[in-house]
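Participant: model this:
(chains A, B, C and D)
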There are 2 protein chains.
Amino acid sequence: MLRRDYPNQLCSIANSLEVIGERWSLLIVRDVFNGHRRFGEIQTSLGVARNVLSARLQRLLDEDILERRRYQESPARYEYFLTQKGLDLWPTLIALLNWGDRYSPTPGGPPKLIRHKVCGGAVSERGICEECGQVLTARDAIQVPGPGREAAALAAAGAGEPA
Amino acid sequence: MLRRDYPNQLCSIANSLEVIGERWSLLIVRDVFNGHRRFGEIQTSLGVARNVLSARLQRLLDEDILERRRYQESPARYEYFLTQKGLDLWPTLIALLNWGDRYSPTPGGPPKLIRHKVCGGAVSERGICEECGQVLTARDAIQVPGPGREAAALAAAGAGEPA
DNA sequence: GCAGTCGGTTGCTTGATGCAACCAAGTGTG
DNA sequence: CACACTTGGTTGCATCAAGCAACCGACTGC
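Facilitator: Next up, the predicted model:
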């Protein structure tokens, strides 16, 4: 993106996209949701160029979406965590996840499923537990592999070592 | 974006972003939600370069998010409309809208408010009517100017013609 | 001592974006 | 009739961001 901002929009959607609309940004946030906390982990997971990842992490820190904590002195090494502001992106990610599940389906079914931690119910497009009806937040949900991921794993195994 | 795709992600969020994650795409969808249907309207509203708008509209047509209908023959002129797939981006837009309202607040309050058509209730972050509890879709909601837009209009008027 | 790891930064290349000019087929105005 | 204006683009060029590989500093392991 040449300029990451959208001038004169006076719209909260545009404001949001100015912050998290850059390429890779939301996938980095998703990765941190998924428990990837370190530079190398995120870089391997995404395949993003290291300089771009560095710039995006810095931006997300500046915007108070991520925070980092030192887990090792000398050389200083950091882990990245979501702030409340970052956690509040969860409904956006859930909406994108469900839209993708519906319209860009992975062969074999959804690669990921989101479940309510407490009751195990499926989570709707709106981030609501379909079992108990609770309106969930990021902290209430866990992710489990879906049939699509298992199918892909089988396919990969089959390709490497045909039955 | 150099490549708009995110290879090897096996993730519906990434799949969604491959389709609507390019710069301007989601704002074009938002504009069509807002009733802008013609090339010139959208171009003026967004300030996007015309060649880029042309490319994005074509992509959104290819992806079956928009469809166009001829409203005039010779020269052929088209209006753009949302398909069901496009309408189903509504929860994503609502999530971004609310996140922006919360964390990138416009002075004077939200520039836009979303209301349930039937009962007039406010629409929550999850696209649920806070009045009657119904889980809403794009067709159930209308948009009304919020205090932020009025404040900005007053400020603009005041700047042009000081009291 | 020497390779390997981690978390970057730097430099170069490529390609997407922004911008202005142009175009084609009409419509309006005198 | 001439001429400007509108609409919906397309084309060409300049610029800036993304991808990629190489490098680096400070360790760790052997």
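Participant: all helices of chain A, in order?
Facilitator: A:12-20, A:25-33, A:39-46, A:50-62, A:84-87, A:90-103, A:147-160 (DSSP state H).
Participant: Redo those as CSV? Include mean neighbour count, distance to DNA strand C and mean pLDDT.
Facilitator: Just so you know, the C-beta spots here come from the backbone N, C-alpha and C atoms, and that holds for glycine as well. Output for the helices of chain A, formatted as CSV (neighbours: other CB atoms under 10 Å in any protein chain shown; distance: least, CB to the nearest atom of the strand, whole Å; pLDDT from 0 to 100):
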stretch, mean neighbour count, distance to DNA strand C, mean pLDDT
helix A:12-20, 23, 12, 93
helix A:25-33, 22, 12, 95
helix A:39-46, 17, 3, 93
helix A:50-62, 15, 4, 94
helix A:84-87, 16, 16, 97
helix A:90-103, 23, 18, 95
helix A:147-160, 13, 22, 67
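Participant: Which among the ones you listed is found nearest to residue B:35?
Facilitator: Proximity to residue B:35, assessed across the helices of chain A by CB to CB, is greatest for helix A:12-20 (15.1 Å).
Participant: ok, that closest one near chain B or not?
Facilitator: Yes - part of helix A:12-20 sits near chain B under the criterion CB under 8 Å from any CB of the partner chain, namely A:12-19.
Participant: follow-up on the earlier one: for the helices of chain A, could you give me a markdown table that also reports distance to DNA strand D?
Facilitator: Output for these, formatted as a markdown table (distance: least, CB to the nearest atom of the strand, whole Å):
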| stretch | distance to DNA strand D |
| --- | --- |
| helix A:12-20 | 12 |
| helix A:25-33 | 9 |
| helix A:39-46 | 9 |
| helix A:50-62 | 4 |
| helix A:84-87 | 19 |
| helix A:90-103 | 18 |
| helix A:147-160 | 21 |
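Participant: Out of these, which gets nearest to residue B:105?
Facilitator: helix A:12-20 (8.2 Å).
Participant: Pull the residues that contact that closest one.
Facilitator: Under the criterion CB atoms under 8 Å, 6 or more residues apart in numbering or on different chains, residues A:4-6, A:9, A:25-26, A:29, A:63, A:65, A:89, A:92, B:26-27, B:30, B:93, B:96-101, B:103-104, B:106, B:110-112 lie in contact with helix A:12-20.
Participant: Arrange the residues of helix A:12-20 next to chain B in CSV, one row each, with distance to residue B:122 as further columns.
Facilitator: Output for the residues of helix A:12-20 next to chain B, formatted as CSV (distance: CB to CB, whole Å):
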residue, distance to residue B:122
A:12, 14
A:13, 17
A:14, 21
A:15, 19
A:16, 19
A:17, 23
A:18, 25
A:19, 24
